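J.: Make a model of this:
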Amino acid sequence: MPIQYKIDVLAALKEKGYTSARIRNEKLIGQATLQRLRHKQSVSFEVLAKLCELLECNIGDILEYTEEDNEQA
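T.: As a prediction, this is how the structure comes out:
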């Protein structure tokens, strides 16, 4: 997929004081979404907006576009 995470989102959240337990307890992001982030899978725009709010950053600080290599081996 050409859209990838530039950062380890969960590590960045932890640096800001948002542990998985705190995120769950405060219902900031759902458990299924946390799992998706652990596995570097896509999440909704609403979740990306929440991540930008929590990390005090822009979406470009979280995601990047990289061209796919269309050559097949």
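J.: Just the helices from this protein, written as ranges.
T.: 9-15, 20-25, 31-38, 45-55 (DSSP state H).
J.: Export the ones you listed as JSON lines, with columns for distance to Glu64 and mean pLDDT.
T.: C-beta here means a position set from N, CA and C on the backbone, and glycine is covered the same way. Converted to JSON lines, the helices of the chain look like this (distance: least, C-beta to C-beta, whole Å; pLDDT from 0 to 100):
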{"stretch": "helix 9-15", "distance to Glu64": "13", "mean pLDDT": "97"}
{"stretch": "helix 20-25", "distance to Glu64": "24", "mean pLDDT": "94"}
{"stretch": "helix 31-38", "distance to Glu64": "16", "mean pLDDT": "96"}
{"stretch": "helix 45-55", "distance to Glu64": "13", "mean pLDDT": "97"}
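J.: Among those, which comes closest to Pro2?
T.: Closest to Pro2 of those is helix 45-55 (C-beta to C-beta; 16.0 Å).
J.: What residues sit buried inside that closest one?
T.: 47, 50-51, 54-55 (16 or more other C-beta atoms under 10 Å).
J.: From Ser20, how far out is Gln31?
T.: Separation of Gln31 from Ser20 (C-beta to C-beta, to the nearest Å): 9 Å.
J.: Looking at these two, which is more packed in?
T.: Ranked by neighbour count (other C-beta atoms under 10 Å), Gln31 and Ser20 place Ser20 first, with 15 against 10.
J.: got a list of what Arg38 touches?
T.: Leu10 (C-beta atoms under 8 Å, 6 or more residues apart in numbering).
J.: Disregarding flanking residues, what is the spatial nearest neighbour of the most centrally placed residue in the chain?
T.: For the chain, the residue sitting closest to the mean C-alpha position, by C-alpha atoms, centre = their mean, is Val9 at 4.6 Å. The shortest distance from Val9 to any non-neighbouring residue, by C-beta to C-beta, 6 or more residues apart in numbering, is to Leu37 (5.0 Å).
J.: Done for today, thanks.
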